[in-house]
Structure formats: C-alpha cells, structure tokens
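# Sequence first, then the predicted structure:
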Amino acid sequence: MSNGTSKLQTFKQSDAQSAAAEAGENLNLFLAENKKLPILLMLSGGSALSILDYVGPAVLGANLSLSLLDERFSQDPLINNFAQLQKTDFYKDAFEAEASFFGTLPRPNETIAELRGRWDKNLKLWHNENPKGLIVATLGMGTDGHTSGILPFPENPDEFNRLFNGKDWTVQYRADGKSKYPERVTTTIPFLKNIDFAFALVCGAEKRAKFDDLQSGKHTNAELPAMVWHKMKDVKVFTDLEL
C-alpha cells in the first residue's frame, strides 16, 4: 500500500523484516533495469544496511560505484560505517562484480579534513565523468529525526544551515552532545537533492513520533533533518509503522 505525493511515497508492511525486504527488492529491480548505466549508489549505515540483504549479485557490475552517505571518523571497525559495510555479503558480491568503491575508512595518520577532501573529490569526479549517470541512495532515519549524518540543531538553525545547507556536497563537523560518535563527515542537503532515486527504511516503535512528524511536513530541516526527503526528486519509504 502506498501513500503520499509523487516525490515521497510510503509503503507499509507488517514488520521490519518485510519492510526491509520490500525496500531491497525495489532496489534490486531498479539496479537490474539500469545495469547498463553508470550508477553511484550511496548507502546509509545502521539499520538501513539490512536493505542490502535483498540485493542479488546478478544486478551488480563494473558500472556501479559505491560509497556511503555519512561516516563516523574512526578506524575502529565496530564504529566506522564503511568497515561495517565491508562485513556484508553485498560488499563481497559487489567487489567480485568489479564495482568501484569510494571508501571512507580513514587511512593511517589521515585527518578528518583529509578524509573529507578525498571523499568529496571522488564524488565530484564521478559526477563530472558521468553526466548521464544516476545517483541512487538508501536512506534511514534516526530516533532524533536525523538522516545521512545530518543531525538536528533545533536550538541553532543558523549553525544547521551553515553546516548542511550551503554549497558544499560534504562537510566535517563535531556533534558533541548529539551523538556518541561526535566526529562526523557527511553529505549535505544540496547533495541529497541531487539524488535521482532513494529507497528509505524507517522501522520500529521508537521512531513513531519522528515518523509522524515527517509525514506531517510541518517541521524545519533544523528540527527534523529527514524533512529534506520531501524536497528530493524521488523517495520511496518502506516502514512497519501505521500510516
């Protein structure tokens, strides 16, 4: 069942596993139908990684480039998002299919500024070299309403806009008091608006309040960063929550 505008559609399933399966099957079909095109697939960490369990190796290939939407600046494999991705069967299948990767695991002695610069350069180079390519993403939403690595700043909307709503595609910042992983590198709102197709997963009763806020459409991005989904080109949201 779907509900919403053409930009943001919501699909309800009976439980979280079924929602992840439907999201993954939709992504799998999309990759199969567009396998001949250059695709930059930007992935969310956390629970949204479960979407990838339902993407088969047959749809992966050399035209596919993979990266993350945000990163926790750490070499700890239990913290770093790219290190978590590397543990998945999806990563192994993509590697064997000769997909490309824009890794966000810090190199030895690399600063957070150097990591952001390397990552930003890779994203822009792909975009310049593939004018007919598609940017696709998996999305998630935290219990605080964050998406990608864009955390809420309801107490300081000017700072939110300075960090996440300027001209840059990526930003480094500290999220002290907002996350137990304060050193962050993330894509920004301008980048998210460049994504052609996105598949989002929002599951769990702990996200009920923010999901209702998201559906209402009445909050600012600084209060609820996932509100940007309403301004993106094409977002399909898969959930186990009542609509």
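Happy to help now that I have it. Numbers count the residues shown, from 1 in each chain.

# Give me the pLDDT for residue 242.
With respect to pLDDT, residue 242 scores 89.

# Next: residue 5.
At residue 5, the predicted lDDT confidence score is 42.

# looking at this, residue 27 is in a helix?
Yes - secondary structure of residue 27 (DSSP: H, G, I helix; E, B strand; the rest coil): part of a helix.

# In space, what's closest to it - neighbours in sequence excluded?
Closest residue to residue 27 apart from its sequence neighbours, by CB to CB, 6 or more residues apart in numbering: residue 199 at 4.9 Å. Backbone N, C-alpha and C define where each C-beta goes, glycine included.

# so who does the one you found touch?
Contacts of residue 199 were listed using CB atoms under 8 Å, 6 or more residues apart in numbering, and they are 23, 26-27, 30, 51, 136-139, 235-236, 238.

# For these, which two are the farthest from each other?
136 and 238 (14.9 Å; CB to CB).

# what about the spatially most distant residue from the centre of the chain, helix or strand, and which?
Most distant from the centre of the chain: residue 109, at 26.5 Å, with distances by CA atoms, centre = their mean. Residue 109 is part of no helix or strand when elements are defined by DSSP states H and E.

# Strands of this protein, residue ranges please.
2-4, 8-12, 39-43, 64-68, 70-72, 100-101, 134-140, 170-174, 183-187, 197-202, 235-239 (DSSP state E).

# Most tightly packed of those?
strand 70-72 (a mean of 26; mean count of other CB atoms under 10 Å).
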